[in-house]
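> Next comes the sequence, and after it the predicted model I'd like to discuss.
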Amino acid sequence: MRWLFFGAVFRRPEQPKCARLAEQAVKERQSHLSYLDALLEAEVEERERNVVRRRIKEAHFPKVKTLEEFDFETASHIPSARLRKLTEGEYVARTEPVIFIGETGTGKTHLATALAVAACQQRRRVRFATAAELVNELNEARQKNEINRVVNRWNRYELIVLDEMCYVATPDAAAELLFQVIAGRAERAAVIITTNLPFSEWTTMIPNARLCKAMVDRLTDRAHIIETGTESYRFRRTLAKNKGAKA
C-alpha cells in the first residue's frame, strides 16, 4: 500500500508498527491528522535506518565495531574525549586525515572502524580496506587499463579507511599506485590510516624515499594523530578477563 502526500509517495510502515501507532492514537484520542503524522514520521525513520544499513554494508568492514564497545579503562592512555569528538564527523567535512599509530593489538583497527561506522550513521559514503587490498585492486586495474576509473571511484568516497599501512613492503610500482589515491584525496576528502610504524620508519616498507616523503606529507597535513601505544590492548583485555574468572 502506498500513500500520496504532498506529491511524495510513502510506503506503508510495517504492520506491527502501524498497529502500535494505531493503539497509541486510540489511547491518546489523537486526531486522524496526528495519526497520519506519526505514520509519516515512522516512514522517514525507517528510510533513515535503511540508508545507514546500506552505507555500513557498502563500507565492507571486516567487523562492525563502535566506540562504545572499546574498553577505555583497559587502554586509559588513549584520549577517549578526543575520539568521541571525532565521531561527530567534523574532520570529514574539513577533509582532515586521522592517523592511528601503535603496535599490533593496541586497538587501531577497532578505533578506525568506530569512526568510520559513525560516519556511516551520518549517511556518508565510506570504504574500508587494508592497504594491501587496495594495492592489489589497483594492480589488477592497471593490468586491465582501468586504473583511472578505479582511482576516481576511490576518490569519490567521503571517507576511506586504509588499515595496516606499511605492514608489508610496497614495491615502487605499487607505492606509486597507492600514492595516486592518497594524493587525489589530499584536501578533498578524508582518510583514516592505521600503522604500526612511526613515520621515520616508513622507508623500510616504501623504499622510494622521495615517494614515501611525499605520501607522509599528504597524510600528515592537518592530521589528527593518535598514538595507541606499544602494549597489546587485546592481551591486556584477555588478562583482565582471566583474572576476573579466577576471582
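Cool, the structure landed. Numbers count the residues shown, from 1 in each chain.
> CA atoms for contacts and neighbours, from now on please.
Fine.
> what residues are up against Glu103?
Residues in contact with Glu103 (CA atoms under 8 Å, 6 or more residues apart in numbering) are Thr195, Asn196, Leu197, Thr228, Gly229, Thr230, Glu231, Ser232.
> Quick check: which element contains Glu58?
helix 32-59 (DSSP states H and E).
> Using PDB, list the CA coordinates for the host helix or strand of Leu115.
Using DSSP H and E, Leu115 sits within helix 108-121. This file holds the C-alpha atoms of helix 108-121, laid out as PDB (Å, rounded to 0.1, in the frame of the first residue of the first chain):
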ATOM      1  CA  LYS A 108      44.000   0.800  16.000                       C
ATOM      2  CA  THR A 109      41.600  -1.100  13.700                       C
ATOM      3  CA  HIS A 110      38.800  -1.000  16.300                       C
ATOM      4  CA  LEU A 111      39.000   2.800  16.700                       C
ATOM      5  CA  ALA A 112      39.400   3.400  13.000                       C
ATOM      6  CA  THR A 113      36.300   1.200  12.300                       C
ATOM      7  CA  ALA A 114      34.400   3.000  15.000                       C
ATOM      8  CA  LEU A 115      35.000   6.400  13.500                       C
ATOM      9  CA  ALA A 116      34.000   5.100  10.100                       C
ATOM     10  CA  VAL A 117      30.800   3.500  11.400                       C
ATOM     11  CA  ALA A 118      29.900   6.800  12.900                       C
ATOM     12  CA  ALA A 119      30.400   8.400   9.500                       C
ATOM     13  CA  CYS A 120      28.100   5.800   8.000                       C
ATOM     14  CA  GLN A 121      25.500   6.700  10.600                       C
END
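> Helices along the protein, start to end?
Applying DSSP state H to the chain gives helices spanning 15-28, 32-59, 80-86, 90-93, 108-121, 131-143, 147-156, 172-185, 209-220, 233-246.
> quick revisit: could you tell me which of the contacts of Glu103 count as buried?
Thr195, Asn196, Leu197, Thr228, Gly229, Ser232 (16 or more other CA atoms under 10 Å).
> before we move on, back to that, closest one to Trp202 among the helices of the chain?
Among these, the nearest to Trp202 by CA to CA is helix 209-220 (7.0 Å).
> so how far is Leu178 from the nearest residue to Gly105 once chain neighbours are set aside?
Leaving aside its sequence neighbours, Gly105 sits nearest to Ser232 (CA to CA, 6 or more residues apart in numbering; 4.4 Å). Distance check for Ser232 against Leu178: by CA to CA, to the nearest Å, it reads 28 Å.
> cool, Lys108 as well?
20 Å.
> what does Glu146 give?
Taking CA to CA as the measure, Glu146 falls 15 Å from Leu178.
> How about Glu48?
For Glu48, the distance to Leu178 - CA to CA - is 34 Å.
> which one of the two has more residues nearby?
In this view Glu48 and Leu178 are compared by other CA atoms under 10 Å, and Leu178 has more residues nearby, 22 against 15.
> low pLDDT regions in the protein?
Applying pLDDT under 70 to the chain flags residues 1-45, 233-234, 236-237, 239-240, 243-247.
> Report the central residue of it.
Ala116 (1.6 Å; CA atoms, centre = their mean).
> any idea how far the residue nearest to that residue when sequence neighbours are not counted lies from Gly105?
In space, and not counting its chain neighbours, Ala116 is closest to Val126: 6.8 Å by CA to CA, 6+ apart. Between Val126 and Gly105 the distance is 24 Å, computed by CA to CA.
> more neighbours, those two?
A count of neighbours by other CA under 10 Å puts Val126 above the other of Val126 and Gly105, at 25 against 18.
> what's that one in contact with, if anything?
Arg55, Ile56, Glu58, Ala59, Ala116, Ala119, Cys120, Tyr157, Glu158, Leu159, Ile160, Val161.
> what about the fourth one, neighbour count?
Other residues within reach of Ala59, judged by other CA under 10 Å, total 23.
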